[in-house]
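**Q** this is the structure alone, sequence omitted:
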């Protein structure tokens, strides 16, 4: 047994990504951001789908096909189909933002 | 966007299971228990692996190959290999217990 808030850093040079479980079809990650955002002009364009929830902190996620970012707060989740382009626009600098992400391929 | 605590019931005749995302390899579920436990003598023996976290409430999960149940509190998670027999021994009757579970097969 482990806890999602174990060893939570407060400042990080880069986002901290830890794989909690995986096989060839799925990868479960804890991601900790401390004010990080995607680089200017960068878009994630993943071959895998991603289901992701915010469990601490706040974040703004921008989908290329949307007009403005969605503001995600505690326990908000989205399901992102493969190749739906998106970027992390903002995470709160006041506290770590903890994401739980499930990447899954196939279909 | 949706929230994991949306429409949280407080009493339920049976556990409430909602599929949040799935494909042929993975299924992500929100499970709400209000004091529920597995029936006496019942053991889950799943063909799929299960990664599961408690996000509200408390639960005791008993693995057949352990001497006593583990007591899971907020944000505690476990990864349960396929066919590792286990049962829900107890969930707190004082508040809903919210589980996020990822079932994944293959390997």
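**A** Structure's in. What do you need? Note that the structure is predicted; figures quoted are calculated from it, not measured.
**Q** contacts for stretch A:64-74 next, please.
**A** A:43, A:54-63, A:78, A:84-87, A:89-90, B:1 (C-beta atoms under 8 Å, 6 or more residues apart in numbering or on different chains). Bear in mind the C-beta positions are built from the backbone N, C-alpha and C, glycine included.
**Q** any idea of the mean pLDDT in that stretch?
**A** For stretch A:64-74, mean pLDDT is 97.
**Q** state the distance from the closest residue to chain B within chain A to residue A:50.
**A** Of all residues in chain A, residue A:25 sits closest to chain B, at 3.7 Å by C-beta to the nearest C-beta. Going from residue A:25 to residue A:50 by C-beta to C-beta, to the nearest Å gives 13 Å.
**Q** neighbour-wise, which of these two wins?
**A** residue A:50 (21 against 18; other C-beta atoms under 10 Å in any protein chain shown).
**Q** in its sheet, what does the helix or strand encompassing the more buried one sit against?
**A** Secondary structure from DSSP states H and E places residue A:50 in strand A:49-56. According to DSSP bridges, strand A:49-56 forms sheet pairs with strand A:76-80 (antiparallel), strand A:97-104 (antiparallel).
**Q** what is the helix or strand that the shortest one is followed by packed up against?
**A** The one in question is strand A:76-80. Downstream of strand A:76-80, the next assigned helix or strand under DSSP H and E is strand A:86-91. The contact analysis (3 or more C-beta pairs under 8 Å, 6 or more residues apart in numbering or on different chains; DSSP states H and E) places strand A:86-91 against strand A:59-63.
**Q** give me the beta-bridge partners of residue A:103?
**A** With DSSP bridges as the rule, residue A:103 is bridged to residue A:27, residue A:50.
**Q** isn't it up against residue A:27?
**A** Yes: Residue A:103 lies in contact with residue A:27 (C-beta atoms under 8 Å); the separation is 4.6 Å.
**Q** give me the common contacts of those two.
**A** Common neighbours of residue A:103 and residue A:27 (C-beta under 8 Å, 6+ apart) are residue A:48.
**Q** common neighbours of residue A:25 and residue A:50, please.
**A** residue A:104.
**Q** okay, residue A:10: pLDDT?
**A** 81.
**Q** what's the burial count for it?
**A** 8.
**Q** excluding covalently adjacent residues, which one is nearest to it?
**A** residue A:96 (6.1 Å; C-beta to C-beta, 6 or more residues apart in numbering or on different chains).
**Q** what do you get for residue A:25?
**A** residue B:25 (3.7 Å).
**Q** now swap in residue A:92 and tell me
**A** Using C-beta to C-beta, 6+ apart, the closest residue to residue A:92 is residue A:58 (4.5 Å).
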